[in-house]
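>>> only the shape, not the letters, is given here:
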């Protein structure tokens, strides 16, 4: 069931959110993705001595990884977790969307009316407001600009946590800030290609866990590695 609320926001019990949770499990949008899913990848993005160098490297690496991950997908599902730090009162979803839509237009993205959902994540504060909408993949660079610009104090920027997904490809990615990005999938073989192609950009701190996920399985383990259990991990 769906319906319109003020500000052009649609509230759905089923739809894009349900599709993501059906494919990736109930923790599909719960950060940090890398520690809640297996198989999973964690990449280091920014680097350099200046803000500009850090920003450019983050953009370049994220575009390369996501371009390879989502190759062939003309449209992705973009999910934004948004907030408002300018007011002590809890804003209504339509107010949050009006602010978010204006910020999106400032970076060159003109989204359709989104689906809206509230999620409560244990230990993560109050309910989260999330908006989901289809994003033509050609606009991925603009969305990355908005997310990374916020972390480095650049403008225009987007005050949101971004998740990108393709249910058809079975891949979901969260560039959680300019420093890093998590990628999860329902098929270890698809992620293994990214693991190999972008080995030099994997976060060193978590290499041991990733190596354990993508080491060659024995015959008895092969089925489990191709169809991993999506349960959260500590």
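Good, I have the coordinates. Every value quoted in this text rests on a predicted model; they were computed, and no experiment measured them.

>>> and the spatially most central residue of the chain, what element?
In the chain, the C-alpha nearest the mean C-alpha coordinate belongs to residue 163, at 2.0 Å (Cα atoms, centre = their mean). In the assignment (DSSP states H and E), residue 163 maps to strand 160-166.

>>> so which bits of stretch 49-61 are buried?
Judged by neighbour count (16 or more other Cβ atoms under 10 Å), stretch 49-61 contains these buried residues: 54, 55, 57, 58, 59, 61. For every residue, glycine as well, the C-beta is placed using N, CA and C.

>>> helices or strands up against whichever helix in the chain runs longest?
In the chain, taking DSSP state H as the definition, the longest helix is helix 51-69. On a contact count with 3 or more Cβ pairs under 8 Å, 6 or more residues apart in numbering; DSSP states H and E, helix 51-69 meets strand 40-44, helix 140-152, strand 171-177, strand 180-185, helix 188-197.

>>> can you add mean pLDDT and give the ones you listed back as JSON lines?
Output for the helices and strands packed on helix 51-69, formatted as JSON lines (pLDDT from 0 to 100):
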{"stretch": "strand 40-44", "mean pLDDT": "98"}
{"stretch": "helix 140-152", "mean pLDDT": "92"}
{"stretch": "strand 171-177", "mean pLDDT": "94"}
{"stretch": "strand 180-185", "mean pLDDT": "96"}
{"stretch": "helix 188-197", "mean pLDDT": "93"}
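
>>> of all the ones you listed, which one comes closest to residue 82?
Residue 82 lies closest to helix 140-152 among those, at 11.5 Å (Cβ to Cβ).

>>> could you give the angle of the closest one to strand 171-177?
Here helix 140-152 runs at an angle of 30 degrees relative to strand 171-177 (axes from the mean of the first three to the mean of the last three Cα atoms, to 10 degrees).

>>> now helix 140-152: buried residues?
By neighbour count with 16+ other Cβ under 10 Å, helix 140-152 contains the buried residues 140, 141, 142, 143, 144, 145, 146, 147, 148, 149, 150, 151.

>>> equivalent analysis for stretch 160-173, please.
160, 161, 162, 163, 164, 165, 166, 167, 169, 171, 172, 173.

>>> ok, those vs residue 208, which is closest?
Nearest member of those to residue 208, counting by Cβ to Cβ, is residue 173, at 21.6 Å.

>>> mind listing what that closest one touches?
Shown in contact with residue 173 (Cβ atoms under 8 Å, 6 or more residues apart in numbering): 65, 66, 69, 163, 164, 165, 181, 182, 183, 184.

>>> low pLDDT regions in the protein?
Filtered on pLDDT under 70, the chain yields the residue ranges 1-14, 84-90, 120-126, 216-234.

>>> ok, 90 please
Low-confidence segments of the chain (pLDDT under 90): 1-15, 47-52, 82-96, 117-129, 150-154, 176-179, 187-190, 215-234.
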